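**Student:** Dropping a prediction and its sequence here:
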Amino acid sequence: LVDFQFEVLTTHLNDGRRLPKRSSFRSAHAYLSAPYGVYPAKDGYLAIAMTPIPKIADLLDLPELDPFRDKPATWFTARDEIKAIIARRIAEKTTDQWLAILEPADIWCAKVLTWPELMENDGFKALDMLQTVTREDNVSILTTRSPLRVDGARAKVDRAAPRIGEHSEKIRAEFGL
């Protein structure tokens with residue numbers, strides 16, 4: 001999980017160890033300008049990544065963004081105001097309606113999936129991320145598996161984590177307690 005934060009952590013480590021000033025509205029990344037964020041649509045959520053404000057303003061038909069159009073610095077300094085304008089517009093349509101507009105324009109965007117939608121997604125199924133592990137008392141648990149591969153192979157684990165205290169006696173014996 002630390003690797004998911006490498007940009008923010010690296011900036012922190014090399015910028016006087018100052019904490020990031022996060023957006024207070026639809027915050028998704030401490031150091032990225034608007035429109036980067038997750039926005040509620042009529043039927044779910046839509047994630048939008050790095051897109052120039054003039055392009056998103058045109059695609060969403062947002063003349064309210066005209067004051068920011070030719071001022072890239074404001075895309076960061078006024079990101080809360082810009083994202084609030086975008087959020088109001090995104091809320092007017094469904095995620096599929098917005099994707100039909102944004103995807104053909106090559107905008108980095110995606111529907112934010114619920115867990116049931118994720119599990120039915122072809123990409124998730126192709127990743128083969130679920131496994132069943134069993135405890136010593138024969139209780140089976142459906143869980144995720146590690147996505148990491150070493151030399152193209154994933155580690156195989158069939159056994160669930162031990163129950164609390166399951167190995168206490170063995171550990172005490174090993175240390176002579």
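**Tutor:** Yep, it's here.
**Student:** For T95, grab the count of nearby residues.
**Tutor:** Around T95 sit 23 other residues, with neighbours defined as other Cβ atoms under 10 Å. No exception for glycine: its C-beta is placed from N, CA and C like everyone else's.
**Student:** okay but it is in contact with A41, surely?
**Tutor:** Yes - contact criterion Cβ atoms under 8 Å: T95 and A41 qualify, at 4.6 Å.
**Student:** Just the buried residues of stretch 135-147, please?
**Tutor:** Going by neighbour count (16 or more other Cβ atoms under 10 Å), the buried part of stretch 135-147 is R145.
**Student:** Quick one: end-to-end length of that stretch, please.
**Tutor:** End-to-end span of stretch 135-147 (Cα to Cα, to the nearest Å): 22 Å.
**Student:** Not counting that stretch itself, show me its contacts.
**Tutor:** With contacts defined as Cβ atoms under 8 Å, 6 or more residues apart in numbering, stretch 135-147 is touched by 127-134, 154-155, 157, 159-160, 162-163, 166.
**Student:** try it again with 6 Å
**Tutor:** Residues from elsewhere that reach stretch 135-147 (Cβ atoms under 6 Å, 6 or more residues apart in numbering): M129, Q131, T132, V133, T134, A160.
**Student:** and the fourth one, bridged to which residues?
**Tutor:** Counting by DSSP bridges, V133 forms beta bridges with I141.
**Student:** residues contacting it?
**Tutor:** I141, R159, A160.
**Student:** Need the per-residue pLDDT for P20.
**Tutor:** Predicted confidence (pLDDT) for P20: 74.
**Student:** Low-confidence bits of this protein, can you list those?
**Tutor:** Residue ranges of the chain with pLDDT under 70: 1-2, 6, 22-28, 30-31.
**Student:** show me where it has helices.
**Tutor:** 6-14, 53-60, 74-77, 79-90, 95-102, 115-120, 122-127, 168-174 (DSSP state H).
**Student:** could I get the fifth one in PDB with only the CA atoms?
**Tutor:** Listed in PDB are the C-alpha atoms of helix 95-102, where the atom choice follows Å, rounded to 0.1, in the frame of the first residue of the first chain:
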ATOM      1  CA  THR A  95     -22.400   7.300 -15.500                       C
ATOM      2  CA  ASP A  96     -23.100   5.500 -18.800                       C
ATOM      3  CA  GLN A  97     -24.400   8.700 -20.400                       C
ATOM      4  CA  TRP A  98     -21.200  10.500 -19.300                       C
ATOM      5  CA  LEU A  99     -19.000   7.700 -20.500                       C
ATOM      6  CA  ALA A 100     -20.600   7.800 -23.900                       C
ATOM      7  CA  ILE A 101     -19.400  11.400 -24.100                       C
ATOM      8  CA  LEU A 102     -16.100  11.300 -22.400                       C
END
